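Novice: Fold the following for me, if possible:
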Amino acid sequence: MGEVLSQSEIDKLLEQMSSGEIGDELVPESDEKKVKNYDFKRPTKFSKEHLRTLEFIFEHYSRLISTNLPVYLRKNVQVAVASSETNTFNEFTNALSSPVILGIIDFAPLNGSIIIDLSTNLGYAMLDRMLGGNGVPLDKSRDFSEIEQTIIQKILVTFTQLLREPWKNVIDISPVLSRLETNPQFAQVIAPGDMVAIVTLNIKIGDVEGLMNICLPFFTLEDVMDKLNTKFWYSTMQENHDENYEAYVESMIRKVNVPVRAVLGRSTITVNDFMNLQVGDCIRLNTGVDEDMNVYVGNIKKFTALPGTEKDSYAVRITSVIREEE
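Specialist: Model prediction:
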């Protein structure tokens, strides 16, 4: 660190400069202008502000995935935004291996499409979980069968529908999954040299962790680039946050389907007896006919009830509610 001048030394220097004893050599000026190189092959079309706003949008998207995906997988799902960057579309596709899981999404009313790239280990884990397994990925990648592609396509449809709400502060979109591709060569939606923004999400399903990349071409977002700034995003979000917001959230929660099962009782029999069961046989349960049975919401015991009928259907009558503290 340089020596600090006292006030008297500063006054003396100023006096000498005003008298001409000291010239302007103390502050040398350089005739050379600072020039920043510009690569015309990689034009900067996405600013840091654009990427920051995209991160805000997909943070909201991450929360929606982490709350909706467990409904299908029956397993804890954690999703977070890992990074955002700009690249050429050619660099994005060259980084993809084969096979891949690519969802081509029509981003109407905007022009063009976006791409969701889901890592194969997450795809195998989801398939294993939805087909009755523990959600374990394969040790070695292989091509997906037609049945597996159909199941993955349904998952991508869910991912596509969840895009609407996070983008509502920018523009009302109606995204539609156009097709599923497992070969990156068939996902050429724009010219190789066009710029794209890539937002990477980190997804953890149980013990399996992987990435999901969302490729957003500049061509697709060009009409709303002026709205991709934090000031506009926050102002729009505050306008939408009215007094009816809580009622809206409550109405959305009420539409969520949850599994409810009433357990009459339990019993243990041998495999031989089970194989020889016939119509009309009786199985002795561990509960009496006048005892309350347990009603489960998901895997949580929530009510006790008595069995009965309602018109031509079986029904239960709730006798008590089991609170969390109980």
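
Novice: drop to CA atoms for contacts and neighbour counts, all remaining ones
Specialist: Fine.

Novice: helix, strand or coil for Glu49?
Specialist: Here Glu49 is recorded as helix under DSSP: H, G, I helix; E, B strand; the rest coil.

Novice: Repeat that for the one 10 residues further on.
Specialist: Each residue gets one of three states, and Glu59 gets helix by three-state DSSP.

Novice: Contact partners for it?
Specialist: Taking C-alpha atoms under 8 Å, 6 or more residues apart in numbering as the criterion, Glu59 is in contact with Ala80, Val81.

Novice: got it, and the one 10 residues further on?
Specialist: When contacts are counted by C-alpha under 8 Å, 6+ apart, Leu69 touches Val77.

Novice: Report pLDDT for it.
Specialist: Looking at Leu69, its pLDDT reads 88.

Novice: Please report how far it lies from Pro259.
Specialist: 15 Å (C-alpha to C-alpha, to the nearest Å).

Novice: same thing with Asp117?
Specialist: Relative to Pro259, and taking C-alpha to C-alpha, Asp117 is found at 31 Å.

Novice: count of neighbours near Glu310?
Specialist: The local packing of Glu310 (other C-alpha atoms under 10 Å) involves 9 other residues.

Novice: Kindly report the same for Ser47.
Specialist: Here the number of neighbours of Ser47 (other C-alpha under 10 Å) works out to 13.

Novice: Also Asn94?
Specialist: 10.

Novice: Same question for Ala197.
Specialist: Ala197 has 24 nearby residues by other C-alpha under 10 Å.

Novice: same deal with Phe92?
Specialist: Neighbours of Phe92 (other C-alpha under 10 Å): 18.

Novice: can you give me phi and psi for it?
Specialist: The phi/psi pair for Phe92 (degrees, to the nearest 10) reads phi -60, psi -50.

Novice: Ok, Leu73 next?
Specialist: phi -100, psi -20.

Novice: tell me the pLDDT at it?
Specialist: Turning to Leu73, the model gives it a pLDDT of 85.

Novice: and it, what does it touch?
Specialist: So Leu73 contacts Met126, Arg129, Met130 (C-alpha under 8 Å, 6+ apart).

Novice: ok, now with 10 Å
Specialist: Ala125, Met126, Leu127, Asp128, Arg129, Met130, Leu131, Gly132, Asn134, Gly135, Ile205 (C-alpha atoms under 10 Å, 6 or more residues apart in numbering).

Novice: among these, which are in strands?
Specialist: Among the contacts of Leu73, DSSP state E puts Ile205 in strands.

Novice: Just the buried residues from the contacts of Leu73, in ChimeraX please.
Specialist: Entered in ChimeraX, the line below selects the buried ones among these, by 16 or more other C-alpha atoms under 10 Å:
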select :125,126,127,128,129,135,205
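
Novice: Give me the subset of the contacts of Leu73 that lies in helices.
Specialist: Per DSSP state H, helices hold the following members of these: Ala125, Met126, Leu127, Asp128, Arg129, Met130.

Novice: For the fifth one, list the residues it contacts.
Specialist: Contact analysis of Arg129 by C-alpha under 10 Å, 6+ apart lists Tyr72, Leu73, Arg74, Lys75, Gly123, Gly135, Val136, Pro137, Ile205.

Novice: confidence score at it?
Specialist: The model's pLDDT for Arg129 equals 88.

Novice: how about the nearest residue to Tyr124, chain neighbours excluded?
Specialist: Take Tyr124 and drop its neighbours on the chain: the residue closest to it by C-alpha to C-alpha, 6 or more residues apart in numbering is Pro137, 4.9 Å away.

Novice: With Phe89 instead?
Specialist: Leaving aside its sequence neighbours, Phe89 sits nearest to Pro192 (C-alpha to C-alpha, 6+ apart; 5.1 Å).

Novice: what residue ranges in the stretch 151-300 of the chain score low on pLDDT?
Specialist: 230-245, 248 (pLDDT under 70).

Novice: so how far does stretch 199-210 reach from one end to the other?
Specialist: Using C-alpha to C-alpha, the end-to-end distance of stretch 199-210 comes out at 14 Å.
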